[in-house]
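Colleague: Starting from these lines, generate the structure:
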Amino acid sequence: MKKAIVLQSGGCTAVINQSLCGVVSECRKNNIEVFGLRYGVRGLIESDFIDMSLFSDETLQQIANLPSAFLGSSRTKLDEEAGLSVVEQLHKRGIVYAFLIGGNDTAVNADVLAKSARRLGIDFQVIGIPKTIDNDLPFMHYCPGYGSVARFTAITAQEAGLDTLAMKYVDPVKVIEVMGRNAGWIVASSALLKKRGAQPPHILCFPEVAFNWGRFLDKVEHVYRKTGYVIIVMSETIRDENGVRIGEKKEGLVKDGFGHPYVESPAQRICSVIEKQMHIRARYDKPGTIQRMSIAYVSKRDQEDAFNCGVYAVKLAMEGKTGLEVILKDGGEFDVAPIREIASVERKLPEEFITEDGFFVTKKFIDYALPLIGGDLPDYDIAYENLS
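Modeller: The predicted structure follows:
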């Protein structure tokens with residue numbers, strides 16, 4: 001019986017456990033003993049294994065529909081020395097397949113393992129399985145995890161909009177701060193359920209567009225005078241023309257294992273400036289990590305594609321392929337790319353998806369992203385018609 005390991009790494013999503021169970025299910029079908037590693041690469045280094053071959057189909061179904069990462073995650077980075085040591089230890093255990101579920105940084109670790117195996121002359125197949133709410137992996141039509149966070153953001157923007165509309169004589173400005181690291185895909189998704197001009201969101205702030213205080217405040221003023229309330233959705237990493245993050249402190253920013261700083265909230269800073277300049281109440285909502293793994297807002301398409309990515313990864317390994325990342329194409333089809341071409345590469349929101357003024361998305365983005373969030377979407381028209 002051949003043996004495999006699977007781990008989850010980086011930020012959790014609503015569908016990362018679907019990919020995990022796709023791997024385990026396909027391994028079980030092919031008489032492959034599969035071990036899950038607890039807490040990602042930390043489990044790899046510390047040999048913290050759990051035998052998932054023993055799980056029943058019913059248990060796997062339960063796991064697949066859980067939020068967050070069932071095995072636990074981490075942002076630990078493998079260096080060359082650790083990579084060689086880990087591969088040697090796995091070889092001694094008889095493990096020949098490794099499946100790493102994650103994003104750009106996970107691809108870095110997967111590449112280290114693949115290179116270590118080649119250097120040691122060990123038969124060891126390493127396959128990367130895509131996962132990121134940021135939707136920023138190259139070559140992908142979309143990344144598993146994005147469809148669900150996009151659904152969350154689109155619905156949340158409408159719900160926050162209704163609350164602000166109802167309270168516009170008290171709290172007329174609402175800023176919603178979302179995740180996305182350096183790419184504006186999540187910000188953009190907040191517009192997916194907007195049906196008319198006065199309906200929120202009204203202003204989007206992308207990390208791809210340099211933030212200018214003058215232009216921004218003019219836009220807020222214009223929308224407020226026209227509609228009586230303003231919904232703004234922004235990335236947690238928006239920057240000014242000099243590349244400085246809005247609200248960033250000069251010292252004390254903590255960084256993860258890959259050197260990415262954990263940034264401070266720009267929304268609070270922006271609300272303060274709006275109140276000072278316009279003399280109206282501005283509030284902010286920051287869903288934080290809730291947005292990235294909420295099962296209540298999961299996209300069914302996202303679930304299916306994530307599961308099938310796991311299945312496809314096992315098929316690649318059984319064919320003797322290694323050093324590859326599963327690529328999800330339009331229509332749920334698959335391709336592959338070298339892991340080294342995924343590692344640390346970010347796919348930004350294309351210019352064609354951003355309006356000329358830099359504050360909204362184009363129809364091209366709506367056409368691209370709307371199918372990803374699934375059906376059975378709420379309709380808020382009657383409320384907007386009543387209060388607008």
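Colleague: In a strand, residue 384, correct?
Modeller: No - counting by DSSP: H, G, I helix; E, B strand; the rest coil, residue 384 falls outside a strand, being helix.
Colleague: neighbours of it, just the number please.
Modeller: 17 (other C-beta atoms under 10 Å). Just so you know, the C-beta spots here come from the backbone N, C-alpha and C atoms, and that holds for glycine as well.
Colleague: which non-adjacent residue is nearest residue 115?
Modeller: Closest residue to residue 115 in three dimensions, ignoring its sequence neighbours and counting by C-beta to C-beta, 6 or more residues apart in numbering: residue 83, at 7.0 Å.
Colleague: And the helix or strand containing that neighbour, what's buried?
Modeller: Under DSSP states H and E, the secondary-structure element containing residue 83 is helix 80-92. For helix 80-92, a neighbour-count test (16 or more other C-beta atoms under 10 Å) marks 82-84, 86-87, 90 as buried.
Colleague: try stretch 100-120
Modeller: For stretch 100-120, burial by neighbour count (16+ other C-beta under 10 Å) applies to 100-117.
Colleague: what is the rounded mean pLDDT of that stretch?
Modeller: What stretch 100-120 shows for mean pLDDT is 96.
Colleague: OK, contacts around the residue nearest to residue 115?
Modeller: When contacts are counted by C-beta atoms under 8 Å, 6 or more residues apart in numbering, residue 83 touches 112-113, 115-116.
Colleague: So residue 60 is in contact with residue 21, correct?
Modeller: Yes - contact criterion C-beta atoms under 8 Å: residue 60 and residue 21 qualify, at 4.7 Å.
Colleague: the more surrounded of the two?
Modeller: residue 21 (26 against 19).
Colleague: List phi and psi for the more buried one.
Modeller: phi -70, psi -30 (degrees, to the nearest 10).
Colleague: Return the distance of the residue nearest to it when sequence neighbours are not counted relative to residue 14.
Modeller: Nearest residue to residue 21 in three dimensions, chain neighbours excluded: residue 64, at 4.1 Å (C-beta to C-beta, 6+ apart). In this view, residue 64 and residue 14 are 11 Å apart by C-beta to C-beta, to the nearest Å.
Colleague: who touches both of those two?
Modeller: With C-beta under 8 Å, 6+ apart as the test, residue 64 and residue 14 both reach residue 303.
Colleague: Where in the protein is the helix or strand with the lowest mean pLDDT?
Modeller: In the chain, the helix or strand scored least confidently by mean pLDDT, DSSP states H and E is helix 381-387, which has a mean of 83.
Colleague: bridging residues for residue 245?
Modeller: Residues in a beta bridge with residue 245, per DSSP bridges, are residue 239.
Colleague: Isn't it up against residue 266?
Modeller: Yes - the pair residue 245 / residue 266 is scored as a contact, 6.7 Å apart, by C-beta under 8 Å.
Colleague: which residues are in contact with both of those two?
Modeller: Counting by C-beta under 8 Å, 6+ apart, the residues touching both residue 245 and residue 266 are residue 238.
Colleague: Tell me which of the two has more neighbours.
Modeller: A direct count of neighbours by other C-beta under 10 Å for residue 245 and residue 266 places residue 266 higher, at 24 against 20.
Colleague: The stretch 251-388 of the chain: helices as residue ranges?
Modeller: Counting by DSSP state H, counting those that start in this stretch, one finds helices in the stretch 251-388 of the chain at the ranges 266-278, 300-318, 363-369, 381-387.
Colleague: right, so the ones you listed: which one is the most enclosed?
Modeller: helix 300-318 (a mean of 23; mean count of other C-beta atoms under 10 Å).
Colleague: Now do that helix: which elements does it pack against?
Modeller: The contact analysis (3 or more C-beta pairs under 8 Å, 6 or more residues apart in numbering; DSSP states H and E) places helix 300-318 against helix 16-29, strand 95-102, strand 125-130, helix 146-166, strand 324-328, strand 334-338.
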